[in-house]
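>>> no FASTA, just this:
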Ligand code: 5GP
Ligand code: ZN
């Protein structure tokens, strides 16, 4: 089982922000902004490259919940949603995840 599958299964502890039957949101262990949350599907999808017609409902659900999570976190000034896909993007955990970053003026450098 991959690291985030273990977190989704509760085998590795995490600071949960939101959970339902399909997805989990938890705090990044090495935050890069005052608010740094990771949102994952509970089922294993390796990356954005693994999104298909069969599982895109999970991604839609994640994006439906992101604004609610951001509002709950008080990110009224805005926030950034990032997903690193593959080596060039520096993806380190190969289980699809979306970073929510906020709580400060974020860098204007996207890449
Ligand atoms: P990536 O680099 O793949 O886009 O993002 C992986 C993220 O997972 C990193 O921001 C890293 O800090 C976070 N991370 C890695 N291991 C753990 C862990 O065990 N717990 C939590 N909460 N975050 C983790
Ligand atoms: Zn996984």
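Good, I have the coordinates. This one's a predicted model, so the numbers in the text were calculated from it and none came from an experiment. Numbers count the residues shown, from 1 in each chain. Ligands and ions are numbered 1, 2, ... in the order given.
>>> Could you look up the SS state of the residue nearest to residue 16 when sequence neighbours are not counted?
Spatially, and ignoring its direct neighbours in sequence, residue 16 is nearest to residue 26 (5.1 Å; CB to CB, 6 or more residues apart in numbering). C-betas here are computed from N, CA, C, even on glycine. Put simply, residue 26 is strand when judged by DSSP: H, G, I helix; E, B strand; the rest coil.
>>> what does the chain have sitting close to ligand 2?
Counting by CB under 5 Å from the ion, the residues of the chain close to ligand 2 are 2, 4, 5, 44, 95.
>>> are any of these buried, and which?
Those of those that meet the buried threshold are 4, 95, by 16 or more other CB atoms under 10 Å.
>>> picking up where we left off before, now the residue nearest to residue 16, which residues is it bridged with?
residue 16, residue 38 (DSSP bridges).
>>> from what I can see it touches residue 13, true?
No: between residue 26 and residue 13 there is no contact under CB atoms under 8 Å: 9.3 Å.
>>> Looking at those two, which one has more neighbours?
Neighbours were counted for residue 26 and for residue 13 using other CB atoms under 10 Å; residue 26 has more, 20 against 9.
>>> re earlier: pipe the residues of the chain next to ligand 2 into TSV and attach distance to residue 38 per row.
Formatted as TSV, these follow (distance: CB to CB, whole Å):
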residue	distance to residue 38
2	13
4	8
5	13
44	15
95	10
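>>> Most widely separated two among the residues of the chain next to ligand 2?
Distance extremes for the residues of the chain next to ligand 2: the farthest pair is 4 and 44 at 8.0 Å, using CB to CB.
>>> what do those two both touch?
Among the neighbours of residue 4, those also in contact with residue 44 (CB atoms under 8 Å, 6 or more residues apart in numbering) are residue 95.
>>> returning to that earlier point: please flag which of the residues of the chain next to ligand 2 sit within helices.
Per DSSP state H, helices hold the following members of the residues of the chain next to ligand 2: 4, 5.
>>> Kind regards, and thank you for your time.
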